[in-house]
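[1] build me a model from this:
(2 chains)
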Amino acid sequence: MMPDTIPYTTHERPDTGLYNAKIGIWLFLASEVMLFGALFSSYVLLRVGSTNWPLGHTILNVPIATFNTMVLISSSVTMVMAWASLKLNNFKKYRLYLGLTVLCGLIFLVVKGFEYNAKFEHHLFPSTSTFMAVYFTLTGLHGLHVIGGIIVNAYFLGPGSKMWFKEPERLTNRIEVSGLYWHFVDLVWIFLFPVLYLL
Amino acid sequence: MMSEHHIDEVKKSVRIYITVFVALAALTVVTVAVSYFHLSLVAGIAVALFIATIKGSLVACYFMHLISEKKLIYAVLALTVVFFFSLLLLTLSGHHNTITGTQIVS
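    Alright, predicted model coming up:
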C-alpha cells in the first residue's frame, strides 16, 4: 500500500471486518439517532404534558404528505438499485438510478416548500403554537438532511462518478455509504409522517 | 470483476428490493387508511407506530443490509438503542417532575 493513500477504502480492516467508511457512517448515523431522538422525546414530553393537542390531520395536508412519503420510498429503492448496478458493472444504469434518486429528493423538497408556503399563507408559523413549533423543527431538520443527501448524491452523479474508471470498487463502497445515509433519512420520515400528520 | 456467483446474488437482492418497495408502498396506504377509521388515540398511536416500525425494519434490514451485517455494526446499534431509550425515559421523567401549576399549551 502507498503510504499516502487512505487505508481500507476497499479492503476490510482485519480487526473490524469492515472497510473504514462503513463503520464511520454507522457511527455517524448513531449520532443522528440521538439528534432526532432528542427532538422526538421532546415532542413526546410536550404532547403528554399538554392539556390540548391538535390532531395532525386537522392542520396538515395528509394527501400531500402521503405523496411525499411515496417519493422518498421510491428514492430509497432507486438508491439501492444504483449501488446494485455498480455491483453488476453497469455504470449507465448506476447514473440513471442515482439521477432518479436526486430527482426524487428534489421533488420531495419542492412539495415540502409548497406545504410550508401554504402554512405561512394561513398564518401558521413556528411561533403560532407548540404543535407548529414541533412540526417546523422536526420537518425542517429532516429537510436539511434531504438537502445534504442531494448534494452528496449530485456530486457522485457528476464529478465524483469519474472514480469508476480508476477505482470502481471504491466508488461502489462510497455509494453504499451515501446510500446508508439516504435510507436513514427515509427511515426518519417513515416515523415522522404518522407521528405528525396522522396522530 | 465479480464472479458469476456474486452476480447471481446481487440479482437476487434486486428482486428483494423490488418486493420491499411494494411492501413499503402498501404499508403506507394501510397507515393512511387506518387513520380514517378514527380509532381511539391510544389504539391509533399503537397501530401507526407498529406499522412504522415494520416499515423502518424493512428499510434497515434490506436497503441498509442489516440482515447480513458484521457484528461490530450490531454492537454499535445495540448501544445506540440503549442510549435512545435512556434519552426518551430521561425526558419523559420530566413529566412526573414538573413544578405544580406548570401548564404546557399546544
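[2] going forward, measure contacts between C-alpha atoms and count neighbours the same way
    Fine.
[3] distance of A:E176 from chain B?
    Between A:E176 and chain B the distance is 9 Å, computed by C-alpha to the nearest C-alpha, to the nearest Å.
[4] what packs against the one helix or strand that residue maps to?
    Assigned by DSSP states H and E, A:E176 belongs to helix A:168-192. If you count contacts as 3 or more C-alpha pairs under 8 Å, 6 or more residues apart in numbering or on different chains; DSSP states H and E, helix A:168-192 packs onto helix A:20-49, helix A:62-87, helix A:130-157, helix B:41-58.
[5] most tightly packed of those?
    helix A:62-87 (a mean of 22; mean count of other C-alpha atoms under 10 Å in any protein chain shown).
[6] average pLDDT across that one?
    Mean pLDDT, helix A:62-87: 97.
[7] now do that helix: which elements does it pack against?
    Under the contact definition 3+ C-alpha pairs under 8 Å, 6+ apart, helix A:62-87 sits against helix A:91-121, helix A:168-192, helix B:4-35.
[8] okay, angle between the helix holding A:E176 and helix A:91-121 too, please.
    Here helix A:168-192 points in a direction 30 degrees away from that of helix A:91-121 (axes from the mean of the first three to the mean of the last three C-alpha atoms, to 10 degrees).
[9] so B:L58 is in contact with B:F21, correct?
    No: the pair B:L58 / B:F21 is not scored as a contact, 9.1 Å apart, by C-alpha atoms under 8 Å.
[10] who's in contact with residue 34?
    Using chain A. Applying C-alpha atoms under 8 Å, 6 or more residues apart in numbering or on different chains to A:M34 gives the contacts B:T80, B:F83, B:F84.
[11] should've been chain B
    B:G44.
[12] could you do A:W164 as well?
    The neighbours of A:W164, taking C-alpha under 8 Å, 6+ apart as the test, are A:F91, A:R170, A:L171.
[13] who wins for neighbours among the residues you listed?
    Most neighbours among the contacts of A:W164, by other C-alpha atoms under 10 Å in any protein chain shown: A:L171, with 22 neighbours.
[14] quick check: which ranges of chain B have low pLDDT?
    Counting by pLDDT under 70, chain B shows low-confidence ranges at B:1-2, B:103-106.
[15] and if we set it to 90?
    Chain B contains residues with pLDDT under 90 at B:1-9, B:35-42, B:45, B:88-106.
[16] okay, which residue is most central for it?
    For chain B, the residue sitting closest to the mean C-alpha position, by C-alpha atoms, centre = their mean, is B:G56 at 2.9 Å.
[17] so how far is B:L27 from it?
    Distance of B:G56 to B:L27, computed by C-alpha to C-alpha, to the nearest Å: 11 Å.
[18] my guess is B:I45 contacts A:F191. True?
    No: applying C-alpha under 8 Å as the test, B:I45 and A:F191 come out as separate, 11.4 Å apart.
[19] quick revisit: can you pull the buried residues of the helix holding A:E176?
    For helix A:168-192, the neighbour count (16 or more other C-alpha atoms under 10 Å in any protein chain shown) marks A:168-192 as buried.
[20] name the residues that touch that helix?
    A:9-10, A:21-22, A:25, A:29, A:69, A:72-73, A:76, A:79-80, A:82-83, A:86-87, A:138-139, A:142, A:145-146, A:149, A:152-153, A:156, A:161, A:163-164, B:49, B:52-53, B:55-56, B:59-60, B:63-64.
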